[in-house]
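Novice: Starting from these lines, generate the structure:
(chains A and B)
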Amino acid sequence: GQQVMQIPQYQHVQEGEDFTTYCNSSTTLSNIQWYKQRPGGHPVFLIQLVKSGEVKKQKRLTFQFGEAKKNSSLHITATQTTDVGTYFCAGRNAGNNRKLIWGLGTSLAVNP
Amino acid sequence: EAGVVQSPRYKIIEKKQPVAFWCNPISGHNTLYWYLQNLGQGPELLIRYENEEAVDDSQLPKDRFSAERLKGVDSTLKIQPAELGDSAVYLCASSLGTSGQETQYFGPGTRLLVL
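Specialist: Numbering: from 1, shown residues only, chains lettered A, B, ... in the order given. This next block holds a predicted model:
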């Protein structure tokens, strides 16, 4: 079945360093969403990418959708302690099945 | 605007007991989701409703889990009987529309511990 793989599983950085998480799908996606979950919290929507090659920015966060619409990345520039949490990608199948398939997430820890 | 409301927030029960979770989605959201999330894992979809119709329940363990959304608004997820492996966070989410591109808004979740 369709799978969405996310790497790395964990990342520990020093405050001020950059961070990137990658998401890869076994099938072509119609769109991909990114969510952030703080420790003890619930997933909160960050952004949705729909177009091939799309790049969107939110302050220090840069999101990319691959040309083949099978991979995506989230890059954080100059991490801060408020960036701590688990970042999930969730891809929606390009076929008739509109199920959202979630990656396992990348847990980010930031040392002050 | 109120977000997705879930109750209870925490529940501790003994195995073989029944348990029920309640969710009230954001007003006007016609799509409702129940997810299960284990520690260190991503959310796993249990069931998705469009209005009162369950359009995807392929991952719902129907021998012990049931759900309903009778009037297309709030929803109840039930487990009977609960097993030790059911300990997890049960998340409810809602979205507006059914095009497949909607943002999902999550509630705070119900943390279930089965002893």
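
Novice: Going by C-alpha atoms from here, please, whenever you check contacts or count neighbours.
Specialist: Noted.

Novice: what about residue 39, how many neighbours?
Specialist: Let's take chain A. If you count neighbours by other C-alpha atoms under 10 Å in any protein chain shown, A:Pro39 ends up with 11.

Novice: wait, I meant chain B there
Specialist: 9.

Novice: what about the residue of chain A found nearest chain B, helix or strand, and which?
Specialist: The nearest approach of chain A to chain B comes at A:Leu104, 4.6 Å away (C-alpha to the nearest C-alpha). Following DSSP states H and E, one finds A:Leu104 outside all helices and strands.

Novice: so what's the nearest residue to B:Gly85 once chain neighbours are set aside bridging to?
Specialist: Among residues not flanking B:Gly85 along the chain, B:Val114 sits closest, at 7.7 Å (C-alpha to C-alpha, 6 or more residues apart in numbering or on different chains). For B:Val114, the beta-bridge assignment (DSSP bridges) gives partners B:Ile13.

Novice: hang on, the residue of chain A closest to chain B packs against B:Leu39?
Specialist: No. Counting by C-alpha atoms under 8 Å, A:Leu104 stays clear of B:Leu39, with 10.7 Å between them.

Novice: Quick check: neighbours shared by these two?
Specialist: The contact sets of A:Leu104 and B:Leu39 do not overlap (C-alpha atoms under 8 Å, 6 or more residues apart in numbering or on different chains).

Novice: Name the residues of chain B found near chain A, please.
Specialist: Within reach of chain A by C-alpha under 8 Å from any C-alpha of the partner chain, chain B has these residues: B:40-44, B:91, B:100-101, B:103-109.

Novice: Spell out the secondary structure type for the residue positioned nearest the centre of chain A.
Specialist: In chain A, the C-alpha nearest the mean C-alpha coordinate belongs to A:Cys89, at 4.0 Å (C-alpha atoms, centre = their mean). Put simply, A:Cys89 is strand when judged by DSSP: H, G, I helix; E, B strand; the rest coil.
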